[in-house]
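S.K.: Need a 3D model of the following:
(2 chains)
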Amino acid sequence: MRTFALSLLLALPSFAAAYDRGELAEFNDLYRAGQYQEALAGYEVFIIAEPENPWAYYNAGNALFRLNRVGPAVHRYAQAFMLEPRAEDIRANLNFAMRQTGQSLVPEDAPAALHYIYYVLSEVELKALALLLFWAFCLAAAACFLLDGGRWSVLTGKGAAGAALLLVLTLSWYAARQSSPFSGAGVVTRPGGTRMLSGPGDNFKTYASAPEGRLVKILDTGDEAYYEIGLQKEGIKGWALKSDIEKL
Amino acid sequence: MNSPCRPLILAAALAASLCAPAAAVLNIAADTDRNTVEIDGNLYLTVTVSGDSANVPEPDLPNMQNFNVYSSGRSQSISIINGRITTSVSFTYILTPRFLGPQTIPPIAVSTGKEKAVTPEIKINVVKATARPQPKARPARRPARPSRADRAEAERGEQLFLKAETDRKSAYPGEQINLSVKFYTAVPLSSNPQYMPPSFKNIISEDLPPARNGETDINGVRYSYSEIKSALFALAPGTAEIRPATVVAQVASTDPIDPFDPNFFQKMLAGSAAQGRSVNLATDLVRLTIKPFPAGAPKGFNGAVGDYLVTASADRAEPKAGEAVNFSITVSGRGNLKAVTAPKFPDLPDFKVFDTMSSLDVNKKGDVITGKKTFTYILVPRSEGKKTVPPIKFTFFDPKAGVYRTRATGPVTLKVKEGAPGAKSVNFGMPGAAPVKASGSDIRYASDETSGGTPALLASSVLELPWWIHSVPAALLALCFWLARFNRFKLANPLLFRFRRARSEADRDIAKAEGLLKSGKRREAVSVLYDSFLDYLSDKCGAKISALPMRKALDLIKSRFPSVQDVSLSSIRALWETLELHRYSPGAAGGEGAAELVKKYRRLLMILEKELKK
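M.R.: You can find the predicted model right below:
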């Protein structure tokens, strides 16, 4: 039974790889041949078929970058990064594309190792980890109550306390990640950047502009045509057309 | 430069390149075959540009007023060792001096846009021509026989004239046509003439240096001549034109200065008599007919014209799977190799094929453009075994025969060995070699991954579970918590639980006694009833009633349950005595049956349950 479960666990990724490897190779051949527009069309189909697959976003980002569309490329790379933050290639290309737009994946004043640890798990993985720790805490605490007074009760009690501590840490980590530049954020995808207005409408004054490829915080999505966005580094916020910004 | 310092300079350059391999990616060096040249001689200038990419830029030759400069070809070599590319291109120029005395070849620069390299300037000493003794038996170089047109010019009594002639009047596109521009003079010149080459229509040209000089007799007049040759290649069928070439010559003047000339003193001071007069000469326009290629060009013909051979080779015969092999296709022969494009490379499912690089060696010996062009591919065998690159065809048009020809390489077979674990990609690093130098940066290549990692997939699977599943452990925890609390309460309050359980215990005992009565065991049944009754009272009172005398027991009941009625106490007493009598003196018990006792006990229990309450 244990062997079966292990085999199932190991086979899980191959089951999930439902997308036809041959088709992906075809898109990659187009990319290799310099037919980036055609390759991009293929990768976009790939994204629709497997929205949880980070490599679909990554490859689309590559094609967009080759087409000199840095903003959309940053958007796709950022999506890939949010799904698979440990992948070296994704990190490298996101950083490369961000540097083209005057940004950096690792802030200059942050140690790279700490930044890596901070993003070592994706938000989906953090949520799943929190759920698993919740299960572990409940089961260990239940066992502790059931075995009340026995030697095993102490051990399971300690297990439950450990799981609870880890759960609190994970939830704190998840909460902290909500303030990261990639959470609740968007990317300016309009060539040449977007105007930041002092209100949601053309009758308001333009008082700043966000360049193409810039990661922005989306503060308000209530308006039909405008997002309220914030630039953390500069400490300014304003309203920008929704069509100029792609949400992450 | 044949200076004694040359070996030292070379050694220093070599040492510098070994000590500081990361110093520069782009290098340029210039050298001449001599540093002293006669005014009527030539010298070769070789400029070598090397870099670590497949293409290196051409050097930017400075304006050299003191030399006529002719391109004499280029030679390129590309080496790929373990994926590291080194390209070296040598550009050769022929320089003919124009002035006597020390001259300078200025610094020659090359730039990629990001990097720039410059040569130091080179000093050249130009000396007067030495008088050469005329060999009697056989001249070293026979003067060119003047053409009919040259003779016609001479017949017109011209002392200086310029002629442009081609070796043919019609050709196919890409076929070599030699152009000769000859400058004849029968009078001494005060300085080297200035030559302006012709411009062309529908033609590209290639210099055929060096310039030839000599003397010839035309119609009895002794002429000195200079000849500059070019190889021309037409671009498309139709008409091609060679527009006039010009020469500006300074002819020594023999006219005396008129002493009555109003400008006499200016002329004297300017030395116009010594400088002579300026003569402008130009060639006639030459038209050529460019024939179209014959019909029926085979598939794969890309416009190569000439006579070529094609060969293929790999840099190793027994590579490992996953290791890079340099595979070269060389096209060699006569023709404009600059215009030759790579033959179509077949699809090779056994190999990963990486981009092409080409190198070119051009030779102009005998005024014929020959050489070889090598196209290098990087092949990475996908798996071990015997792998063959099939023959590669190259089609060209042979203008001499007027036919298309297709030549093919031989098949190249590689015996691919099993690759090292993990050798799936080309290794562009060399262990123990020079450190890797970053010459630029780019995004990483597209990924073949078709899914995310296992943790991400597991996480998605966990989050896709219905929400109520995650409430199961919480419910389990709550249940276990309640159970633990209940157990603790039970342990802490045993009398309470005995009190609550007393009735159910008594009912169970009554059922047991009835069973015994049915099986005819009357005494056992009475014994069960007796014990049950005392246990019931004990559970209710929280004290062992059987250890107390009846009166004290009744007092205890009264004190514990003040609301109990005297009738009930009397009933307790009566039942107790009856049960004692039946148990210990069955003979004296009279006729009351055990079944009656059971009924009495049950009725009493019903009363006591109402009265014995806390």
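S.K.: Now do the buried residues in stretch B:595-608.
M.R.: B:597-598, B:600-601, B:604-605, B:608 (16 or more other Cβ atoms under 10 Å in any protein chain shown). Where you see a C-beta, it was placed from the backbone N, CA and C, and this is true even at glycine.
S.K.: if I pick B:Pro193, what's in contact with it?
M.R.: B:183, B:226, B:247-250 (Cβ atoms under 8 Å, 6 or more residues apart in numbering or on different chains).
S.K.: quick one: the longest helix seen in chain A to chain centroid distance?
M.R.: Scanning chain A for the helix with the most residues, using DSSP state H, yields helix A:151-177. Its chain's C-alpha centre and that of helix A:151-177 lie 26 Å apart, by Cα atoms, centre = their mean, to the nearest Å.
S.K.: what about the helix or strand hosting A:Ala60, near chain B?
M.R.: In this structure, A:Ala60 is located in helix A:54-66 according to DSSP states H and E. Yes: among the residues of helix A:54-66, A:54-55, A:58-59, A:62-63, A:65 lie within reach of chain B under Cβ under 8 Å from any Cβ of the partner chain.
S.K.: can I get the CA coordinates of that helix in PDB?
M.R.: Output in PDB follows, covering the C-alpha atoms of helix A:54-66 (Å, rounded to 0.1, in the frame of the first residue of the first chain):
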ATOM      1  CA  PRO A  54       4.600  28.400 -14.800                       C
ATOM      2  CA  TRP A  55       6.600  27.400 -17.900                       C
ATOM      3  CA  ALA A  56       3.800  28.400 -20.200                       C
ATOM      4  CA  TYR A  57       4.100  31.900 -18.800                       C
ATOM      5  CA  TYR A  58       7.900  31.800 -18.900                       C
ATOM      6  CA  ASN A  59       8.000  30.800 -22.600                       C
ATOM      7  CA  ALA A  60       5.400  33.400 -23.500                       C
ATOM      8  CA  GLY A  61       7.600  36.000 -21.600                       C
ATOM      9  CA  ASN A  62      10.600  35.000 -23.700                       C
ATOM     10  CA  ALA A  63       8.700  35.400 -27.000                       C
ATOM     11  CA  LEU A  64       7.400  38.800 -25.900                       C
ATOM     12  CA  PHE A  65      10.800  39.900 -24.800                       C
ATOM     13  CA  ARG A  66      12.200  38.900 -28.200                       C
END
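S.K.: Can you tell me which helices and strands that helix packs against?
M.R.: The contact analysis (3 or more Cβ pairs under 8 Å, 6 or more residues apart in numbering or on different chains; DSSP states H and E) places helix A:54-66 against helix A:21-32, helix A:36-49, helix A:70-83, helix A:88-100.
S.K.: May I see the buried residues of the last one?
M.R.: Read that as helix A:88-100. A:89-91, A:93-98, A:100.
S.K.: and chain B, which of those residues reach it?
M.R.: Among the buried residues of helix A:88-100, chain B is touched by A:89, A:93, A:96-97 when using Cβ under 8 Å from any Cβ.
S.K.: what's the least confident helix or strand in chain A, going by average pLDDT?
M.R.: Within chain A, confidence by mean pLDDT, DSSP states H and E is lowest for helix A:2-16 among all helices and strands, at a mean of 42.
S.K.: Run through the stretch 501-614 of chain B and note the low-pLDDT ranges.
M.R.: B:587-592 (pLDDT under 70).
S.K.: actually chain A, sorry about that
M.R.: A:1-22.
S.K.: Would you point out which residue is most central in it?
M.R.: A:Met82 (1.5 Å; Cα atoms, centre = their mean).
S.K.: Make sure it is actually in contact with A:Pro181.
M.R.: No: with contacts counted by Cβ atoms under 8 Å, A:Met82 stays clear of A:Pro181, the gap being 11.0 Å.
S.K.: so who does residue 56 touch?
M.R.: In the absence of a named chain, this looks at chain A. A:19, A:43, A:46-47, A:49-50.
S.K.: try chain B instead
M.R.: B:Val56 touches B:26, B:49-50, B:87-89, B:110, B:112, counting by Cβ under 8 Å, 6+ apart.
S.K.: Tell me the most packed of those, by neighbour count.
M.R.: Ranked by neighbour count (other Cβ atoms under 10 Å in any protein chain shown), the contacts of B:Val56 have B:Val49 at the top, with 25 neighbours.
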